[in-house]
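Okay, predicted coordinates and the sequence, questions at the end:
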Amino acid sequence: MPDWLHIVVRATSALVILFVLTRILGKKQISQLTFFEYVIGITLGDLAGVISTDVESNFLHGVIAILVWCLIPFFLELFTLKSKTLRTWFEGKGTVLIKEGKVLEDNLKKERFTADELLQQLRTKSVFRLADVEFAMLESSGDLSVLLKSEHQPLTPKHLNMKLVTEKPTQTVVMDGVVQNEPLAAAGRGPGWLHTELDKIGVTKENVFLGQVDTHGELTVDLYDDKLQVPEPSARPMLLATLKKCEADLELFSLTTNREQAKLMYEECSRQLTKVIQSVTTILKS
């Protein structure tokens, strides 16, 4: 067998073996690496390169070496699932760099972190003032976790006592001009509804690059023809406007009626509808 063909076979075999073993080891091997996983990754890459190009070496010996370097971490990971001590030993633990708004210089020195590196890591978290930080920890993966002071944290609907609907995954119901029946069913819609919605905005499914149904059941599309303007969904604004019109009508009826009982009924209905409008306004405006 020619050397070049020998190398092709060995390299292909090494690639397949590494792919299978990486799938067995799991997603952690391709995410943020710990010290131990970093060493394993470098060694496996070196072994794969050697057995791929060194035609004089024994291929089987190289495969055995790769198996050893994969199986030992695999079994160690199983053991570390049940032992915090082993997890700390092999994966390390986080180091607090900022506590109660104060930089812990001793911990910085321990991790060989300079002030410039700390500020750089903070900037990657969109934090440009050290004084805004309440707590920061350097994780074992090398990533910096940051907790801002309360007054600098972004507002959430809970802070404003707003109730929102439970978010559901957005379903892609049209892709490359082809209707995706399974996501369409998961969104609680059918082909008839989809064609009706496409007719409303005046496009055909063949012209739709991507079509998605959001949490509120509204269809948004991206077209192949970028010059064609697609109208924004108007169902929620129209519903809000209708509710406000009904509220105004009830108030008008209460003012124009001469019957006291009817007047009280209209006023009560108007108050109840006002509460409903206040509770759904955020949803219908979003």
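Perfect, thanks for sending it.

Give me the residues contacting the host helix or strand of Glu37.
Using DSSP states H and E, Glu37 sits within helix 35-53. For helix 35-53, contacts defined as Cβ atoms under 8 Å, 6 or more residues apart in numbering pick out 7, 10-11, 14-15, 18, 28-29, 33, 57, 59, 62-63, 65-66, 69-70, 73, 76, 90-92, 140. Every residue, glycine included, has its C-beta placed from N, CA and C.

Buried residues of the helix or strand just after it, list them for me.
Note on helix 35-53: by DSSP H and E, the next helix or strand toward the C-terminus is helix 59-80. For helix 59-80, a neighbour-count test (16 or more other Cβ atoms under 10 Å) marks Phe59, Gly62, Val63, Ile66, Trp69, Cys70, Pro73, Glu77, Thr80 as buried.

is it possible to export those to JSON lines including distance to Gly202 and pLDDT?
Shown next, in JSON lines, are these (distance: Cβ to Cβ, whole Å; pLDDT from 0 to 100):
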{"residue": "Phe59", "distance to Gly202": "63", "pLDDT": "77"}
{"residue": "Gly62", "distance to Gly202": "62", "pLDDT": "80"}
{"residue": "Val63", "distance to Gly202": "61", "pLDDT": "82"}
{"residue": "Ile66", "distance to Gly202": "58", "pLDDT": "81"}
{"residue": "Trp69", "distance to Gly202": "60", "pLDDT": "79"}
{"residue": "Cys70", "distance to Gly202": "56", "pLDDT": "79"}
{"residue": "Pro73", "distance to Gly202": "57", "pLDDT": "77"}
{"residue": "Glu77", "distance to Gly202": "55", "pLDDT": "77"}
{"residue": "Thr80", "distance to Gly202": "58", "pLDDT": "76"}
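
wait, which of these is closest to Arg23?
Cys70 (10.7 Å; Cβ to Cβ).

Helix or strand for the closest residue to that closest one other than its chain neighbours, just tell me which one.
Distance criterion Cβ to Cβ, 6 or more residues apart in numbering; nearest residue to Cys70, sequence neighbours excluded, is Leu21 at 4.3 Å. Assessed by DSSP H and E, Leu21 sits inside helix 3-25.

angle of that helix against helix 35-53?
160 degrees (axes from the mean of the first three to the mean of the last three Cα atoms, to 10 degrees).

What helices and strands are in contact with helix 3-25?
helix 35-53, helix 59-80 (3 or more Cβ pairs under 8 Å, 6 or more residues apart in numbering; DSSP states H and E).

May I see the ones you listed arranged in JSON lines, with distance to Pro183 as well?
Output for those, formatted as JSON lines (distance: least, Cβ to Cβ, whole Å):
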{"stretch": "helix 35-53", "distance to Pro183": "35"}
{"stretch": "helix 59-80", "distance to Pro183": "35"}
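
Ser150: which of the ones you listed is closest?
helix 35-53 (34.4 Å).

still on that earlier bit, let me know which of the helices and strands packed on helix 3-25 is the nearest to Leu86.
Closest to Leu86 of those, according to Cβ to Cβ: helix 59-80, at 4.5 Å.

host element of Lys244?
helix 235-256.

quick one: contacts of that helix?
For helix 235-256, the surrounding residues in contact (Cβ under 8 Å, 6+ apart) are 216, 218, 262-263, 266-267, 269-270, 273-274, 276-277, 280-281, 283-286.

Just the buried positions in it, please.
Neighbour-count burial for helix 235-256 [16+ other Cβ under 10 Å]: Arg236, Leu240, Leu243, Glu247, Leu250, Glu251, Phe253, Ser254.

what stretches of the stretch 1-150 of the chain score poorly on pLDDT?
1, 3-4, 6, 25-36, 55, 90 (pLDDT under 70).

host element of the residue of the chain positioned farthest from its centre?
Distance from the C-alpha centroid of the chain peaks at Asn258, with 58.6 Å (Cα atoms, centre = their mean). Secondary structure from DSSP H and E places Asn258 outside every helix and strand.

Need the pLDDT of Ala187.
Looking at Ala187, its pLDDT stands at 89.

Give me the distance between it and Val173.
In this view, Ala187 and Val173 are 6 Å apart by Cβ to Cβ, to the nearest Å.

Mutual contacts of these two, please.
Each of Val213 lies in contact with both Ala187 and Val173 under the rule Cβ under 8 Å, 6+ apart.

what about those two, which has more around it?
Val173 (27 against 23; other Cβ atoms under 10 Å).

Show me the helices in the stretch 51-200 of the chain, by range?
Along the stretch 51-200 of the chain, the stretches classed as helices by DSSP state H, counting those that start in this stretch are 59-80, 84-91, 105-110, 115-124, 181-186, 191-201.

Good, wrapping up.
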